[in-house]
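[1] Here is my input, please return the structure:
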Amino acid sequence: MTIKTATTATALTLLTSLALTGCSSSAQPTADPNLDGYLSGDAITETQACVIDRNPRDGLVSYPMSDGTRVLVILDDERPQNVLDDFASREGGTAAEFVDSNLPTWTSDIGVAVGAVSTLSDSCSTPTIAPTPTDTLVDVPENSEAGDAITEEQAREVNIDSGDGLIGYKLSDGSYVLIREGEALPANVVADVEVRAEVAVPAVSADALQDGSNRTAIDGADRFANQLEREVGRNVLMVFQIVGFEPNEDPSAASLRWKIRNSVNTTYPTINGETLDEAVARAEGIVAGFENPDEWVVIVVR
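    Numbers count the residues shown, from 1 in each chain. Modelled structure (predicted):
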């Protein structure tokens, strides 16, 4: 499957206030957040965020993005670019102005949040644990199709059971839809991924080799590919533009080119003069040569 985004990146809409939204009453405060393998800047679920908020762990922070989602910040690591970009977009400033007072921080003795964005809602600070839903409320109906709306509880249930061939995908508006392994991504997921990819991989400038915008685009593509893999259960091949030249070329040959890069950071040569259609065809040919082509999705940021 190939997903093509719009031609220009769009700014994130401020859907939530700056304060933390807190945890829903159904989130279990003692649940294991299961953050093994997560990197700073990766998206986390409401439940994972709630566990971090209630039971702070050394060096971990749940950061509220402008679109209502949460991402993990590992304080010992460099601040992730998506957090810096989010701060700049909603504060009207620049990423360079970001300071750690814009993150929740934790006191060492009592483990409560303090700082510029640290207010927890009553539902999270004094949770009411909802009764465990019955199977009739949680189970996804057998006749459900990819793209059908499901509840947060149903999404959590199918994502825990990796053997059922189902995935619960969280759309940018906070709702959840069903993905079926082995089937094409549904149209509502494709549309959501397109918008997210625009934001994740910003366009490079004409001076990309000097101003660092090449690196920003490449890092954004890598983060997005790794995050999307976990969310949709597919391997990801990214197609996006940089200004560059190949090792066997003279630097004067640098031009705006289509870069193909997979989610484990394997990169493929750029081709001077290659059109978008040619780059997409090349990416799809790469996928076709894999042993498991049906498990891949090509994301094109135009």
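
[2] Spit out the contact partners of Gln154.
    Residues counted as contacts of Gln154 (Cβ atoms under 8 Å, 6 or more residues apart in numbering) are 138-140, 168, 176. (C-beta placed from N, C-alpha, C; glycine too.)

[3] Could you work out the most separated pair of those?
    Of all pairs drawn from these, the widest gap by Cβ to Cβ lies between Asp139 and Tyr176 and measures 14.5 Å.

[4] In this protein, where is pLDDT below threshold?
    By pLDDT under 70, the low-scoring segments of the chain are 4-34, 53-58, 90-137.

[5] Which parts of it are strands?
    Assigned by DSSP state E, the strands in the chain fall at 2-4, 43-44, 60-64, 70-74, 105-106, 113-114, 149-150, 166-170, 176-180, 235-244, 255-262, 267-268, 296-300.

[6] Nearest to Gly220, out of those?
    Using Cβ to Cβ as the criterion, the shortest distance between Gly220 and the strands of the chain is 8.5 Å, found for strand 235-244.

[7] The closest one: how far from the chain's middle?
    Computed by Cα atoms, centre = their mean, to the nearest Å, the separation of strand 235-244 from the middle of its chain amounts to 16 Å.

[8] packing partners for that strand?
    helix 208-211, helix 213-232, strand 255-262, helix 276-288, strand 296-300 (3 or more Cβ pairs under 8 Å, 6 or more residues apart in numbering; DSSP states H and E).

[9] what are the pairing partners of that strand, and which direction each?
    The pairing partners recorded for strand 235-244 under DSSP bridges are strand 255-262 (antiparallel), strand 296-300 (parallel).

[10] Please parse the protein into its domains.
    With automatic domain parsing serving as the domain definition, the record reports that the chain contains domains spanning 10-125, 132-182, 201-302.

[11] number of nearby residues for Thr45?
    Under the neighbour criterion other Cβ atoms under 10 Å, Thr45 is assigned a count of 20.

[12] With Ser162 as the reference, measure out to it.
    In this structure, Thr45 and Ser162 are 15 Å apart, going by Cβ to Cβ, to the nearest Å.

[13] now Asp139
    Following Cβ to Cβ, the distance that separates Asp139 from Ser162 is 16 Å.

[14] picking up where we left off before, who's more crowded, Asp139 and Tyr176?
    When neighbours are counted by other Cβ under 10 Å, Asp139 and Tyr176 differ, and Tyr176 comes out ahead with 19 against 13.

[15] Touching, that one and Asn159? I think so.
    No. Contact status for Tyr176 versus Asn159: not in contact, 9.8 Å apart, counting by Cβ atoms under 8 Å.

[16] Now for these two: what residues contact both?
    Residues touching both Tyr176 and Asn159 (Cβ under 8 Å, 6+ apart): Gly168.

[17] Would you confirm that Glu145 contacts Leu178?
    Yes. If you go by Cβ under 8 Å, Glu145 and Leu178 touch, sitting 7.3 Å apart.

[18] Residues in contact with both of the two, list them for me.
    For the pair Glu145 and Leu178, residues contacting each of them under the criterion Cβ under 8 Å, 6+ apart are Pro186.

[19] Between the two, point out the one with more neighbours.
    When neighbours are counted by other Cβ under 10 Å, Glu145 and Leu178 differ, and Leu178 comes out ahead with 22 against 10.

[20] what about the more buried one, distance to Ser162?
    If you measure Leu178 against Ser162 using Cβ to Cβ, the figure is 15 Å.

[21] What of Ile3?
    When Cβ to Cβ is applied, the distance between Ile3 and Ser162 equals 23 Å.

[22] Name the residue in those two with the higher neighbour count.
    Under the neighbour definition other Cβ under 10 Å, Ile3 and Ser162 were set side by side, and Ile3 has more, 20 against 11.

[23] doesn't Val301 make contact with the more buried one?
    No. Between Ile3 and Val301 there is no contact, the gap being 9.3 Å when judged by Cβ under 8 Å.
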